[in-house]
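Chemist: model the following, please.
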Amino acid sequence: MNWLILFIAGLLEISWAVGLKYTDGFTKLWPSVGTLISLVLSFLLLGFALKTLPVGTAYAIWVGIGAVGTAILGIILFEEPIDALKLVSLALICAGIVGLKLAHN
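Modeler: Residues are numbered from 1 along each chain as shown. Now for the predicted structure:
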């Protein structure tokens, strides 16, 4: 169950990281509110998952999910440039996430 909680925390990290772009420096109310709610929920869920998961593994997976998801949404939503090196790098992060999960079992 805590792996699912950690995954949701990672998704919320994507939400608040992308949300930062929409806040326009926290000058727009509703994007700012949504971003802050996502941030708080992400940290709360990460903290809850850390009750039973090792901190190094859980934190690395949380950051990895956030980094990959944010990079992908940056490409999709903000037309950020994409090239082979970026795709390979994102794939390596995904491999690292899977490897850390497998190493925990």
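Chemist: OK, contacts around L102?
Modeler: Going by Cβ atoms under 8 Å, 6 or more residues apart in numbering, L102 touches no other residue. All C-beta atoms are positioned from the backbone trio N, CA, C, and that covers glycine.
Chemist: in the strand or helix carrying it, what counts as buried?
Modeler: In the assignment (DSSP states H and E), L102 maps to helix 84-104. Buried residues in helix 84-104, counting neighbours by 16 or more other Cβ atoms under 10 Å, are found at L90, I93, I97, L100.
Chemist: now the nearest residue to the first one once chain neighbours are set aside: how far from L12?
Modeler: If I follow you right, that is L90. In space, and not counting its chain neighbours, L90 is closest to V68: 5.4 Å by Cβ to Cβ, 6 or more residues apart in numbering. Taking Cβ to Cβ, to the nearest Å as the measure, V68 falls 14 Å from L12.
Chemist: now L29
Modeler: For L29 relative to L12 (Cβ to Cβ), the value is 20 Å.
Chemist: which of those two has more residues huddled nearby?
Modeler: L12 (24 against 9; other Cβ atoms under 10 Å).
Chemist: on that earlier part again, helices or strands next to the helix or strand containing the residue nearest to L90 in the packing?
Modeler: Per DSSP H and E, V68 falls inside helix 55-78. Packing partners of helix 55-78 (3 or more Cβ pairs under 8 Å, 6 or more residues apart in numbering; DSSP states H and E): helix 2-23, helix 29-49, helix 84-104.
Chemist: check the offset of the last one from the chain's centre.
Modeler: Distance of helix 84-104 from its chain centroid, counting by Cα atoms, centre = their mean, to the nearest Å, is 14 Å.
Chemist: next: the second one.
Modeler: What separates the centre of helix 29-49 from the centre of its chain is 12 Å, taken as Cα atoms, centre = their mean.
Chemist: check which residues of it are buried.
Modeler: P31, S32, G34, T35, S38, L39, L41, S42, L45, L46, A49.
Chemist: and the longest one, by the same measure?
Modeler: For helix 2-23, the buried set under the neighbour-count rule, 16+ other Cβ under 10 Å, comprises 5-20, 23.
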